[in-house]
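Trainee: Give me a model of this one.
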Amino acid sequence: MDTKTILSISFEPFVLYTTIAMVIIVSMLVISWFLGEKRSGTEREQPYESGIKPTDSARLRFPSKFYLIAMFFVLFDIEAVFLFLWAIAFRETGWIGFATATVFIGILLALLIYEISIGALDFETSGKKILRTLNKMKNSKHE
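Mentor: Okay, the predicted model is just below:
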């Protein structure tokens, strides 16, 4: 882009849109602050989950393997998106796209085999530890 093109671009619509959006956001926050309830108490601060009252603390320590499983899920979910896009563009990419997708799947399979071999997907022992800790917490409260 040259200097004339940059100077001829009009920023007024963007500024107007941003201003209107900010006015709406601020007005909604101010109105909700004035009209909202101001009461607080122990009943209002209790979590409400489908009508079930909480019995224990939700503060349990989970091993990092649970978060690792979530990251693996995200990685393989992204892989599914890439393969879906490849399948849509199959005719345009031809054999080069097929070879690229095959290498991509091969790398992911090697990653999955490596994860299984190091035990990254095996967390049953940790789950048993969590349940044991939870039972200890319940028993100590009842004593």
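Trainee: low-scoring pLDDT stretches of this protein, where are they?
Mentor: Applying pLDDT under 70 to the chain flags the ranges 1-8, 41-55, 57-58, 63, 120, 122-131, 133-134, 141-143.
Trainee: Which stretches in it count as strands?
Mentor: For the chain, strands defined by DSSP state E do not occur.
Trainee: Can you list the buried residues in stretch 80-100?
Mentor: Across stretch 80-100, burial judged by 16 or more other Cβ atoms under 10 Å covers Trp86. To be clear about C-beta, it is placed using only N, CA and C from the backbone, and glycine gets the same treatment.
Trainee: Apologies, that question was intended for stretch 64-73.
Mentor: Across stretch 64-73, burial judged by 16+ other Cβ under 10 Å covers Lys65.
Trainee: CA atoms of it as PDB?
Mentor: Output of stretch 64-73 as PDB, limited to C-alpha atoms (Å, rounded to 0.1, in the frame of the first residue of the first chain):
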ATOM      1  CA  SER A  64      -0.900 -33.400  36.700                       C
ATOM      2  CA  LYS A  65      -1.700 -36.500  34.600                       C
ATOM      3  CA  PHE A  66      -5.300 -35.400  34.500                       C
ATOM      4  CA  TYR A  67      -4.300 -32.100  32.900                       C
ATOM      5  CA  LEU A  68      -1.900 -34.000  30.600                       C
ATOM      6  CA  ILE A  69      -4.900 -36.100  29.400                       C
ATOM      7  CA  ALA A  70      -6.700 -32.800  28.600                       C
ATOM      8  CA  MET A  71      -3.800 -31.500  26.600                       C
ATOM      9  CA  PHE A  72      -3.500 -34.800  24.700                       C
ATOM     10  CA  PHE A  73      -7.200 -34.500  23.900                       C
END
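Trainee: Mind splitting this protein into its structural domains?
Mentor: Following automatic domain parsing, the chain resolves into domains at 3-36, 64-122.
Trainee: Tell me which of the ones you listed sits nearest to Arg132.
Mentor: domain 64-122 (15.8 Å; Cβ to Cβ).
Trainee: Quick one: the domains of the chain as a markdown table, columns for distance to Asn135 too.
Mentor: Shown next, in a markdown table, are those (distance: least, Cβ to Cβ, whole Å):
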| stretch | distance to Asn135 |
| --- | --- |
| domain 3-36 | 41 |
| domain 64-122 | 19 |
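Trainee: Many thanks, we can stop here.
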